[in-house]
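Novice: Could you look at this predicted model? Sequence included:
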Amino acid sequence: MTLLQRQSPRVTLSAIAIACLLWAGAAAAQETPAAPPPATPATTSAPPSNSQPQTEKPSDNKNGQGQTVFNQDRLFGVLPNYSTVENANQLKPLSVKDKYRLSWDSLTDKVTFAFIGFQALVGQAENSEPSYGQGFQGYGLRYGTSYGDAVIATSMTTSVFPSFLRQDPRYYVLGKGSITHRTLYSVKCIFVTRSDSGRAEFNASEIAGNAVAAGLSNTYHPLGDRTFANTVSIWGTDVMWDTAGNVAKEFWPDIRRHFSHTPKS
């Protein structure tokens, strides 16, 4: 689930702009050849006979306290990106507690509060949901409903449905192939996800989770918004934003490496 929910068409169009920027940035990153690694002097010393090769265990994603370690990198250097997995084909399944902590960490991140505040400010300027009025009261109502939308949608798609259906809510970066191939992969992940056991299956957590969230949010939005057509529109918008979020998560590591001049590992 992305932070952007229930936005006006003007704001929704920014998703297309973001996707285009990501596409261009990824293309620039792929076209820039990585610098060759520095030559290392040859050595004649042999490794000890009892040395074992160091192999990375992709299933070992726990810290010293036994807690699951989530991605601490930030999308565009700002937005929380806890549910993204880089450089791993499969990690240890998340427990129910882990899935709820993933939602909690995302919803209580300081950037989340600030970003929703900005969304409410845009809604105030556009006078969305006019019954809220203007002034501090109108802003507070818009902020409350926007944050409520984020809480419900994030909880449904990251915690509730993934726990009940035993699905993995994380996004696994493909990180290789053409831009078109990786874009199609990120879109496919909206409809196909991994089960906790690693099987590919229909992503009911995303599709049904957002549908339930769109329906629940109608209980506290203005009466004029509580129509079936509007609920379907909100559901489709939420899925669209999550798709744009997947594309951003897929290409952000390339863009980050491009601007930091770090060769791809």
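Specialist: Arrived safely.
Novice: how about the strands of the stretch 151-265 of the chain, start to end?
Specialist: Taking DSSP state E, counting those that start in this stretch, the strands of the stretch 151-265 of the chain run over residues 167-168, 171-172, 192-195, 200-202.
Novice: Following the helix or strand bottoming out on mean pLDDT in the chain in sequence, what is the next regular element?
Specialist: Ranked by mean pLDDT, DSSP states H and E, the weakest helix or strand in the chain is helix 9-31, scoring a mean of 42. On the C-terminal side of helix 9-31, the closest following helix or strand by DSSP states H and E is strand 74-75.
Novice: In its sheet, which strands sit next to the helix or strand following that following strand, and in what direction?
Specialist: Later in the chain than strand 74-75, the nearest helix or strand by DSSP H and E is strand 79-80. Strand 79-80 has the following strand partners under DSSP bridges: strand 74-75 (antiparallel).
Novice: residues in contact with the strand it pairs with?
Specialist: Here strand 74-75 makes contact (CB atoms under 8 Å, 6 or more residues apart in numbering) with 80, 81, 84, 111, 248, 249, 252. All C-beta atoms are positioned from the backbone trio N, CA, C, and that covers glycine.
Novice: Give me the buried subset of these.
Specialist: When neighbours are counted using 16 or more other CB atoms under 10 Å, the contacts of strand 74-75 contain these buried positions: 80, 81, 84, 248, 249, 252.
Novice: got those residues as a markdown table, with distance to residue 93 and pLDDT columns?
Specialist: Output for those, formatted as a markdown table (distance: CB to CB, whole Å; pLDDT from 0 to 100):
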| residue | distance to residue 93 | pLDDT |
| --- | --- | --- |
| 80 | 22 | 84 |
| 81 | 20 | 85 |
| 84 | 17 | 89 |
| 248 | 25 | 94 |
| 249 | 20 | 94 |
| 252 | 25 | 90 |
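Novice: Can I take it that residue 122 is in a strand?
Specialist: No. Counting by DSSP: H, G, I helix; E, B strand; the rest coil, residue 122 is not part of a strand but helix.
Novice: Next one, pLDDT for it please.
Specialist: pLDDT recorded at residue 122 is 93.
Novice: now do residue 90
Specialist: Note on residue 90: pLDDT of 68.
Novice: for the one 10 residues further on, same thing?
Specialist: With respect to pLDDT, residue 100 scores 96.
Novice: Return the subset of the contacts of strand 74-75 lying in helices.
Specialist: Counting by DSSP state H, these place 111, 248, 249, 252 in helices.
Novice: now, among the residues you listed, which is nearest to residue 260?
Specialist: residue 252 (11.9 Å; CB to CB).
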